[in-house]
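Participant: Give the three-dimensional model of this entry:
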Amino acid sequence: MAHANGLRFGTYGTVFGSRPLVAISAPEGLEVTVEIWLQPRGTWDSGTFLTFHLPGKSSEFSLRQSQTDLLVKAGRREDESHSKAAYFYVRGAFRRGGPAFITVTTDGQSLGVYLNGVLALPRTPLRISANVLTGRLILGDSTGQPDSWSGEMFGLAIYRGQFTGPQVRDNYMAWKQTGRPEIAAQERATALYTFDEHAGCLVHDKAGSGVDLSIPEKYQVLDKIVLEPFWTEFEVSLSYWDAFKNIVGFIPFGFCFYAYLTTLHIRRARLITVGLGAIVSFTIEILQAFLPTRDSGTTDIITNTLGTWMGAAACRLSMLILVRFLSWLPSAYSHN
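Facilitator: Presented below is the predicted three-dimensional model:
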């Protein structure tokens, strides 16, 4: 930003930490607090704006805008197996459309979320491991598949220790008035980014950790997934169900190819048409693994193939109906 502190994210953008950051040190206890001050571009947008990345591992801590709601992913629930992550929703966190100051604080056994200095999610029992807030810090996006967030960030801080309600409110007011936390909080900061560089592609850490943030010249996604399994792609959201548009998109493909193969009197035209649809879809998903702005998953292969089959079935049904009324049509139309 030219005249104020902040970092602006467009349609596709991300910022990476120069090296892994350890927010929690086991000998010092698992108490940690994360503050982030930001304003989304739109209240009905979605995207991950903060996550920690360890190569070869899925993130156990991330903050995501889900339209007007805030989604917090952190650690594991006490009543779930080790393979289950804990998700918390803060409803209406971005409904007002203005800047939102988010504070997430934990003592390793429970987690609380504050919005603009006010408790928005009561402290919830939660098992936090020492590596939850460990890894390469990523702003404006997720890992594995693109999940870009658009908007502006005005400040980010990570502290050793759990904040009380009054401490959260005091820091919120300090950020609003001075653009940085109060002095007492700064002394406990593991990382502090005030985004006051105003130019360049490097964001400096003001807490002395040496973990600066860099803006890559070209948009990229760390640990891009190739052909993500459909059971891990699945989520209850409009963005996932939009994948079923692929069914409609491949119906013309199946219809036209089946009609063409039938005119050539090729046996098993339907099976060949569906196979071609699957091959084309598989090729597209492999190529999309090399495009940072596109997902590469198996859900699209399934829906594209289904759309191809439906197109071929619709074509065959149409031909059978037409044969009844137009006897001059080739008899092959009714046998494939």
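
Participant: Any stretches of the protein with poor pLDDT?
Facilitator: Flagging of the chain using pLDDT under 70 yields the residue ranges 1-3, 24-29, 56-59, 75-85, 129-130, 234-243, 325-336.

Participant: For the residue nearest to the spatial centre of it, give me its contacts.
Facilitator: Centroid-nearest residue in the chain: residue 147, 3.4 Å away (criterion: Cα atoms, centre = their mean). For residue 147, the contact set (Cβ atoms under 8 Å, 6 or more residues apart in numbering) comprises 46-48, 64, 141. No exception for glycine: its C-beta is placed from N, CA and C like everyone else's.

Participant: again, 6 Å this time
Facilitator: 47-48 (Cβ atoms under 6 Å, 6 or more residues apart in numbering).

Participant: For residue 106, see how far away it is.
Facilitator: Distance, residue 147 to residue 106, by Cβ to Cβ, to the nearest Å: 23 Å.

Participant: do the same with residue 70
Facilitator: From residue 70 to residue 106 the distance is 16 Å (Cβ to Cβ).

Participant: Of those two, give the one with the bigger neighbour count.
Facilitator: residue 106 (26 against 23; other Cβ atoms under 10 Å).

Participant: my guess is the more buried one meets residue 128, correct?
Facilitator: Yes. Assessed by Cβ atoms under 6 Å, residue 106 is found in contact with residue 128 at 5.4 Å.

Participant: since we're on residue 274, how many residues are nearby?
Facilitator: 22.

Participant: list the contacts for it?
Facilitator: By Cβ under 6 Å, 6+ apart, the residues touching residue 274 are 308-309.

Participant: My reading is that it is in a helix; is that accurate?
Facilitator: Yes. Applying DSSP: H, G, I helix; E, B strand; the rest coil, one finds residue 274 inside a helix.

Participant: report the longest helix in the protein, please.
Facilitator: For the chain, the helix that runs over the most residues, judged by DSSP state H, is helix 298-325.

Participant: Can you list the buried residues in that helix?
Facilitator: 298-313, 315-316, 319 (16 or more other Cβ atoms under 10 Å).

Participant: What of stretch 101-119?
Facilitator: Neighbour-count burial for stretch 101-119 [16+ other Cβ under 10 Å]: 101-108, 110-117.

Participant: Walk me through the domains of this structure.
Facilitator: Split into domains by automatic domain parsing, the chain comes to 7-214, 230-334.

Participant: highest average neighbour count across these?
Facilitator: domain 7-214 (a mean of 18; mean count of other Cβ atoms under 10 Å).

Participant: start to end distance for that one?
Facilitator: 12 Å (Cα to Cα, to the nearest Å).

Participant: how far out from the middle of the chain is it?
Facilitator: Computed by Cα atoms, centre = their mean, to the nearest Å, the separation of domain 7-214 from the middle of its chain amounts to 15 Å.

Participant: Same check on stretch 305-319?
Facilitator: That offset, for stretch 305-319, works out to 34 Å (Cα atoms, centre = their mean).

Participant: One more: stretch 274-283?
Facilitator: On Cα atoms, centre = their mean, the centre of stretch 274-283 falls 27 Å from that of its chain.

Participant: what does stretch 204-217 give?
Facilitator: Its chain's C-alpha centre and that of stretch 204-217 lie 22 Å apart, by Cα atoms, centre = their mean.

Participant: Let me see the ranges of the strands in the stretch 101-250 of the chain.
Facilitator: Per DSSP state E, counting those that start in this stretch, the stretch 101-250 of the chain carries strands over the ranges 110-115, 118-125, 134-139, 151-160, 189-193, 202-203, 213-214.
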